[in-house]
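Asks: what's the 3D shape of this:
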Amino acid sequence: MPDQSAVFLVGAGPGDPGLLTLRARALLDEADVIVYDRLVSEEIMALVPKGTARISVGKQPNCHPVPQDEINTLLVRLARAGRKVVRLKGGDPYLFGRGSEEARYLHANGVRFEVIPGVSSASGCSAAAGFPLTHRGLASSVRYITGHCREDTDLDLDWRGLADPDTTLVVYMGMANMTQIAVRLIANGLPETTPAAAISNGTRHDQRRVISTLGEIADTSAAAQLESPVLFIIGRVIELASELGFASGGGVFNVPTKETSLA
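Replies: Here you go, the predicted model:
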């Protein structure tokens, strides 16, 4: 019988089980063990067959109960024991998911692996919140940035380059530093009236969104007490939410969104 052991780095998407790829869904049924992150929704984990081993290695802000080095070692150990391992990650494993770090470690240790892309949180959450990431005349480019640096150091980003009114900014892990990000962008020329949104639990049944301005988004989000995970998006495309979003019955997801808005 051929060796079936391997590690599959699988993107689970932003949370709605309907956004899983066919390949990802099939692997949930085939896996011997699921090693999953905190951002993988309960609805997706409910699809895992009973009897499949599950290992939680989720991280929270300033709390990493299972360090990345230990996760890397765990994946190698499970694969060498002959297991078919699904490493399940929220969103896409290669977009702020540390999937490439794990892939490099697996490669260096001679472990066979495969990467299964997932719907990114950026594209999934923006669509679910009722606006695009690009739109002719409003945004000709998108930039994905992290709002959290390694070892909690200060953000060292190209603030002048980011303060481009023709670009949509998608900030991952930016809730804790939302005020700093807004202040830096405004100081480098982005108008404080630029639309901004914070989306909590995007695409899920308990999704909430806050729509405000760059100058007010941090205070409005804090007042709304948004729960993690939160995606922070800045750009004029958010203006389209009133036309394409849930307030007018639009949007592509049947999610009962709760909203706080300054519009």
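Asks: could you pull out the strands for the stretch 51-200 of the chain?
Replies: 53-56, 84-89, 113-116, 141-146, 167-172, 195-200 (DSSP state E, counting those that start in this stretch).
Asks: wait, which of those is closest to Gly124?
Replies: Evaluated with Cβ to Cβ, the strands of the stretch 51-200 of the chain place strand 195-200 nearest to Gly124, the distance being 9.6 Å. C-beta: built from backbone N, CA, C; applies to glycine.
Asks: Run through who's touching the closest one.
Replies: If you take Cβ atoms under 8 Å, 6 or more residues apart in numbering as the criterion, strand 195-200 is touched by 125-126, 128-129, 131, 175, 178, 182, 207-214, 217, 220-221, 224, 226-239, 241.
Asks: Sort out for me which of these are in strands.
Replies: 208-213, 230-234 (DSSP state E).
Asks: Could I get these in JSON lines, plus columns for neighbour count and distance to Glu102?
Replies: Listed next are these as JSON lines, based on neighbours: other Cβ atoms under 10 Å; distance: Cβ to Cβ, whole Å:
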{"residue": "Arg208", "neighbour count": "23", "distance to Glu102": "31"}
{"residue": "Arg209", "neighbour count": "31", "distance to Glu102": "31"}
{"residue": "Val210", "neighbour count": "25", "distance to Glu102": "33"}
{"residue": "Ile211", "neighbour count": "26", "distance to Glu102": "35"}
{"residue": "Ser212", "neighbour count": "21", "distance to Glu102": "36"}
{"residue": "Thr213", "neighbour count": "18", "distance to Glu102": "38"}
{"residue": "Val230", "neighbour count": "24", "distance to Glu102": "24"}
{"residue": "Leu231", "neighbour count": "27", "distance to Glu102": "22"}
{"residue": "Phe232", "neighbour count": "25", "distance to Glu102": "25"}
{"residue": "Ile233", "neighbour count": "26", "distance to Glu102": "27"}
{"residue": "Ile234", "neighbour count": "27", "distance to Glu102": "30"}
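Asks: So which of the residues you listed is the closest to Gly110?
Replies: After measuring those against Gly110 - Cβ to Cβ - the closest member comes out as Leu231, at 36.4 Å.
Asks: residues contacting that closest one?
Replies: 121-122, 125-126, 170-172, 174, 198-199, 202.
Asks: Quick one: the helices in the stretch 1-150 of the chain, in order.
Replies: Along the stretch 1-150 of the chain, the stretches classed as helices by DSSP state H, counting those that start in this stretch are 22-30, 42-45, 68-80, 99-108, 121-129.
Asks: how does this protein divide into domains?
Replies: Listed by automatic domain parsing, the domain ranges of the chain are 6-116, 121-261.
Asks: worst average pLDDT in those?
Replies: Looking at the domains of the chain, the lowest mean pLDDT belongs to domain 121-261 (a mean of 87).
Asks: from the chain's centre, how far out does that one sit?
Replies: Its chain's average C-alpha position is 12 Å from that of domain 121-261, according to Cα atoms, centre = their mean, to the nearest Å.
Asks: count of neighbours near the nearest residue to Asp29 once chain neighbours are set aside?
Replies: Spatially, and ignoring its direct neighbours in sequence, Asp29 is nearest to Pro49 (6.1 Å; Cβ to Cβ, 6 or more residues apart in numbering). The burial count assigned to Pro49 is 10, neighbours taken as other Cβ atoms under 10 Å.
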